[in-house]
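>>> Provided below are the primary sequence and the corresponding predicted coordinates.
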2 protein chains.
Amino acid sequence: MNKRDAAKIPLYISMHENDNVAIIVNDGGLPAGAVFPSGLTLIEAVPQGHKVTLCDLAQGAPIIRYNVTIGTAASAIAKGSWVKEALITMPPARVLTDLPMATHKPAPLPALAGHTFEGFRNADGSVGTRNILAITTTVQCVAGVVEHAVKLIKSELLPHYPNVDDVIGLEHSYGCGVAIDAPDAMIPIRTVRNISLNPNFGGQAMVVSLGCEKLQPARLFPKGSIPIQNGGDPVTVCLQDQQHIGFQSMVDSIMQTAKGQLEKLNLRRRETCPASDLVVGVQCGGSDAFSGVTANPAVGFATDLLVRAGAAVMFSEVTEVRDGIDQLTSRAVSAEVAEAMVREMAWYDNYLKRGGVDRSANTTPGNKAGGLSNIVEKAMGSIVKSGSSPISGVLAPGEKLQQKGLIYAATPASDFICGTLQVAAGMNLHIFTTGRGTPYGLAAVPVIKVATRNELAERWHDLMDLNAGRIASGEASIADIGWELFHLMLSIASGKKTWAEHWKLHNALVLFNPAPVT
Amino acid sequence: MNKRDAAKIPLYISMHENDNVAIIVNDGGLPAGAVFPSGLTLIEAVPQGHKVTLCDLAQGAPIIRYNVTIGTAASAIAKGSWVKEALITMPPARVLTDLPMATHKPAPLPALAGHTFEGFRNADGSVGTRNILAITTTVQCVAGVVEHAVKLIKSELLPHYPNVDDVIGLEHSYGCGVAIDAPDAMIPIRTVRNISLNPNFGGQAMVVSLGCEKLQPARLFPKGSIPIQNGGDPVTVCLQDQQHIGFQSMVDSIMQTAKGQLEKLNLRRRETCPASDLVVGVQCGGSDAFSGVTANPAVGFATDLLVRAGAAVMFSEVTEVRDGIDQLTSRAVSAEVAEAMVREMAWYDNYLKRGGVDRSANTTPGNKAGGLSNIVEKAMGSIVKSGSSPISGVLAPGEKLQQKGLIYAATPASDFICGTLQVAAGMNLHIFTTGRGTPYGLAAVPVIKVATRNELAERWHDLMDLNAGRIASGEASIADIGWELFHLMLSIASGKKTWAEHWKLHNALVLFNPAPVT
């Protein structure tokens, strides 16, 4: 009997010895009467990824998974039952006072030396994993013209610059028709600024502006805000400039400027860089109950490897870690870092409240169909991507990362907004786990997609870069997949293409703008 | 001396006999000492479009333009001075109580018969001005795959369906990672729904869904919500469906479904339709002081022609009409319509307040450089696009228009958001005036761009569809340009391409989501 066949016998996964529920492993779920090796018998059918009770639960009893109370029993639940969402009363969010602040800071993990990748070193010391000409836009007004020009640059210029991987227009919906002096406007503004400085763009900021927009180039890039590789201000093409007589002359200006940038970018060569030059953003999307059992723990393992190697790793998604705030504040390297975490959580609580909702607005129909009953359970599975290292720092949305180690980058959980903010933070590699499946990609940074289940990995064989489902089927350990992911990261960082890159699939940049539009 | 030469003598434009300021007409502005035909002498240089005082103003005196107090003098201002922004104290917004409700309802204008265009008649009676296959997306997750498929559909399928004008993916940033049950979430949801029903898409809704997203197809299109031409539900491709083995099979499904849609759309033919079948959205963007003097009044004239012909015309942009609320409520056909207008203004006041700003957040650096000192002055110039007809109805953001006549469609003033919401309202033709210049376009609906100044019309000769600057230079009257625009609308509606269509320039759909992201 091979391992895959072995997985056909009734199996559940319990995350902690104190848990009183466990999730069903088997594809297609299990029928009433199924008997597990432990002797537990199902008294009703339970779908894959959904929870079964390991003992009788009285009404009001805590329902425990990941050694955390994910809710209380809304009515008595017999041993061997399907713990449906309606049977779980969700607890209120933990208040943000009296938290353990840097109390259980884990000891630093042993250093991990000798791992390298081939990257593009920038003048400021950062390293690109791709060599891309990015055209920053100050405002959506110019998007049509920039898109037109980018097509021409790709077809007419790019073939002459073989060391440049791609040309992309950094188009977004911000820049005008927005309350640009509102207190929260700094978030989208610094996001656009910092995206332009992503290491994959080689320190060459090229800007296309309209002229009359609110987000003026001088506001986007205040004097001295950019460590431009060649010194000086970013190269800017302004469409309303008097010199532009008609559409074609605007396109010509953009092409001419792009040519100068391409010449400089084309001089760049990959060189051997230590793994510590990686800046990795981890994220999950289209999560199911396996996310927190297979892919996310493997990512957590790889996160620890990266931290040990001296790299920077960001985990994010406020509403998906909010319910684990005490785990996070206690792991902070200092009270200041713990306080910064609380500050970001409190800001987000208030932001949601202003809109009439709370963190429970996070879960999706797909999460629930996949077995995640509520945001507490989802958060416990999400947070494991952060591994077990001490948390060294906190970034507010849109800020640029300036340090190494494990970082909490506070972002919404929306895949596109989180990815966009991690690009702004300076990420040069992105890890994305998915259980339900999404063809997610970014134009700026390679995205390694990790499937949580064998079935998804097999069905989406040319979209998923790594299969963590083998953990559930007993074919590999969390450490096995963690190491595999670590080596895949070094290889993708060195130029190997992800599936999303192979198909040229990418999603839009989506800015986080908590301020009003006008 | 021809008319253009005549414009070289010092000229100002006063909008009303009660005005105590007027704007400078001459290109490049005028120097100190310039003497106008009226005898007024400039005591300092004044840029084009900026205001000159026609008499001495004491500190605190009202500054009057369009017969409206746009502010008070912050200090005494001598006759012949440049009325810089810093000299104007902006008045508070008019409170939304004790307004004149349907008190000055103008008499209906005489009917205008006999004007027609060639359009695509839909089963529900609406008329398309273009015949487009639109692919609705439920969520940003699918955008990369849809974009890939749309390229293939355009290159491989579209050439076989000569009666179909275009294929577009209706991509947006909504659908997941959003608080979909928040009170304000109905706005983006109904916007995506109603965009899919735009008359230019022929009543053929085709949807690409991911599977696990919050905006499920059944939520986007509840049973019976779509008057699908061929009856039944919209045709949906779900990427997570078990049948999709790998990326290529997703693309194949989309192409196969698109083929069926193209076959139906290809049967459509243009037929003669009365001008009353036009649903026109008017908007201004990149405004300057000439917007309210040339292009917007000409649009207002054409608006009246359209209303007389029995068509529907929407004017929008809450913050750009807020300061003229009393003009609008008094023109309403009924107290109910006036109350609906007040309801929308109050909602927006509150929305801005929640974000820590007010309607003064609207004006841009370009507006100010162009002579518009504050939102009151900008609003007075914006509101004239609505012409002089009674206001027949009010639409909340994202709603679909169901009536004829002059409609106030409450939208943000952001060009892209306003355009997107007017597409959702069912607009089949879009008029956009600009003073500073923008290469704005929409993929779904033709956009006629009207320049406010000769200089812009000449410099952007292949982007501007009509030059209203001739009004300022005395070459044409407001009525001349208004009629010209009316005839151009009939011609563009019949299939003639706009400049934006010629260059295939268009901006992104940008949804109005006042609710939080998660």
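Here it is on my side, so go on. Residues are numbered from 1 along each chain as shown, chains lettered A, B, ... in the order given.

>>> so what pLDDT did the residue nearest to residue A:108 when sequence neighbours are not counted get?
Counting by Cβ to Cβ, 6 or more residues apart in numbering or on different chains, residue A:108 lies nearest to residue A:390, which is 6.6 Å off, once chain neighbours are set aside. For every residue, glycine as well, the C-beta is placed using N, CA and C. pLDDT recorded at residue A:390 is 95.

>>> all helices for the stretch 101-250 of chain A, in order.
In the stretch 101-250 of chain A, the helices defined using DSSP state H, counting those that start in this stretch lie at A:143-152, A:186-196, A:217-220, A:247-265.

>>> show me what the first one is packed against.
The contact analysis (3 or more Cβ pairs under 8 Å, 6 or more residues apart in numbering or on different chains; DSSP states H and E) places helix A:143-152 against strand A:132-137, strand A:166-170, strand A:206-209, helix A:247-265.

>>> mind doing that once more with 6 Å?
Helix A:143-152 is packed against strand A:166-170, helix A:247-265, with contacts defined by 3 or more Cβ pairs under 6 Å, 6 or more residues apart in numbering or on different chains; DSSP states H and E.

>>> output those in CSV, with distance to chain B, mean pLDDT and mean neighbour count appended to each entry.
Shown next, in CSV, are these (distance: least, Cβ to the nearest Cβ, whole Å; pLDDT from 0 to 100; neighbours: other Cβ atoms under 10 Å in any protein chain shown):
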stretch, distance to chain B, mean pLDDT, mean neighbour count
strand A:166-170, 11, 98, 22
helix A:247-265, 5, 97, 18
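
>>> can you tell me, leaving aside adjacent residues, what's nearest to the residue in the stretch 301-450 of chain A positioned nearest to chain B?
Residue nearest to chain B within the stretch 301-450 of chain A: residue A:366 (2.0 Å; Cβ to the nearest Cβ). Using Cβ to Cβ, 6+ apart and skipping the chain neighbours, the partner closest in space to residue A:366 is residue B:212 (2.0 Å).

>>> then residue A:516?
residue B:355 (3.7 Å).

>>> and if you look at residue A:426?
Residue A:426's closest residue in space is residue A:401 (Cβ to Cβ, 6+ apart), at 4.9 Å.

>>> do residue A:457 as well
Residue A:457 sits nearest to residue A:467 (Cβ to Cβ, 6+ apart), 3.5 Å away.

>>> now do residue A:260
Residue A:260 sits nearest to residue A:235 (Cβ to Cβ, 6+ apart), 7.0 Å away.

>>> measure that neighbour to residue A:221 for me?
11 Å (Cβ to Cβ, to the nearest Å).

>>> who's more crowded, those two?
In this view residue A:235 and residue A:221 are compared by other Cβ atoms under 10 Å in any protein chain shown, and residue A:221 has more residues nearby, 22 against 17.

>>> now do the contacts for the more buried one.
Applying Cβ atoms under 6 Å, 6 or more residues apart in numbering or on different chains to residue A:221 gives the contacts residue A:234.

>>> report pLDDT for it.
For residue A:221, pLDDT reads 92.

>>> hmm, residue A:437 and the residue nearest to residue A:366 touching each other?
No: between residue B:212 and residue A:437 no contact is recorded; they are 7.8 Å apart, counting by Cβ atoms under 6 Å.

>>> what is in contact with the two at once?
Shared contacts of residue B:212 and residue A:437, defined by Cβ under 6 Å, 6+ apart, comprise residue A:286.

>>> chain B contacts on the stretch 101-250 of chain A?
Residues of the stretch 101-250 of chain A found near chain B (Cβ under 6 Å from any Cβ of the partner chain) are A:140-141, A:143-145, A:173, A:177, A:179, A:182-183, A:212, A:214, A:216, A:240, A:245-247.

>>> ok, the stretch 301-450 of chain A next?
Checking the stretch 301-450 of chain A against chain B by Cβ under 6 Å from any Cβ, the hits are A:319, A:351-352, A:354-357, A:361-362, A:364-366, A:412-414, A:416, A:436-439, A:441.

>>> not counting residues beside it along the chain, what's closest to residue A:504?
residue B:148 (7.2 Å).

>>> picking up where we left off before, okay, the helices of the stretch 101-250 of chain A in TSV with distance to residue A:511 next?
TSV is the format used below for those (distance: least, Cβ to Cβ, whole Å):
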stretch	distance to residue A:511
helix A:143-152	13
helix A:186-196	4
helix A:217-220	13
helix A:247-265	22
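
>>> circling back to that earlier point, which strand residues bridge the residue nearest to residue A:260?
Beta-bridge partners for residue A:235, by DSSP bridges, are residue A:206.

>>> where are the low-confidence patches of chain A?
For chain A, the stretches flagged by pLDDT under 70 are A:1-7, A:226-233.

>>> center of it - which residue?
Geometric centre of chain A, nearest residue: residue A:283, 2.8 Å, by Cα atoms, centre = their mean.

>>> that one: what's it in contact with?
Contact analysis of residue A:283 by Cβ under 6 Å, 6+ apart lists A:418, A:432.

>>> circling back: wait, the residue nearest to residue A:457 touches residue A:459, no?
No: here residue A:467 lies out of contact with residue A:459, judged by Cβ under 6 Å, at a distance of 11.1 Å.

>>> higher neighbour count, those two?
Set residue A:467 next to residue A:459 and count neighbours by other Cβ under 10 Å: residue A:467 wins out with 25 against 20.

>>> what does stretch A:401-412 rub up against?
For stretch A:401-412, contacts defined as Cβ under 6 Å, 6+ apart pick out A:307, A:310, A:312-314, A:316, A:318, A:341, A:344, A:389, A:391-397, A:418, A:421, A:425-426, A:512, B:517.

>>> ends of that stretch, how far apart?
Taking Cα to Cα, to the nearest Å, stretch A:401-412 runs 17 Å from one end to the other.

>>> what of stretch A:202-221?
Using Cα to Cα, the end-to-end distance of stretch A:202-221 comes to 17 Å.

>>> can you list the buried residues in it?
A:202-217, A:220-221 (16 or more other Cβ atoms under 10 Å in any protein chain shown).

>>> any idea how far that stretch is from the chain center?
Offset of stretch A:202-221 from its chain centre (Cα atoms, centre = their mean, to the nearest Å): 27 Å.

>>> wait, residue A:272 touches residue A:117, no?
No: the pair residue A:272 / residue A:117 is not scored as a contact, 7.7 Å apart, by Cβ under 6 Å.

>>> the two: which is more packed in?
Ranked by neighbour count (other Cβ under 10 Å), residue A:272 and residue A:117 place residue A:117 first, with 23 against 10.

>>> what sits against that one?
A:273, A:490, A:493-494.

>>> now do residue A:386 against residue A:330, distance only.
13 Å.

>>> which one of those two is surrounded by more residues?
The residue with more neighbours, out of residue A:386 and residue A:330, is residue A:386; 27 against 17, by other Cβ under 10 Å.

>>> residue A:281 versus the spatially closest residue to the more buried one that is not a sequence neighbour, what's the distance?
With sequence-adjacent residues excluded and distances taken as Cβ to Cβ, 6+ apart, residue A:386 is closest to residue A:315, at 4.4 Å. Residue A:315 sits at a distance of 8 Å from residue A:281 (criterion: Cβ to Cβ).

>>> go on, residue A:384?
16 Å.

>>> equivalent analysis for residue A:485, please.
14 Å.

>>> of those two, which one has the most company?
Taking neighbours as other Cβ under 10 Å, residue A:485 and residue A:281 compare with residue A:281 leading, 29 against 24.
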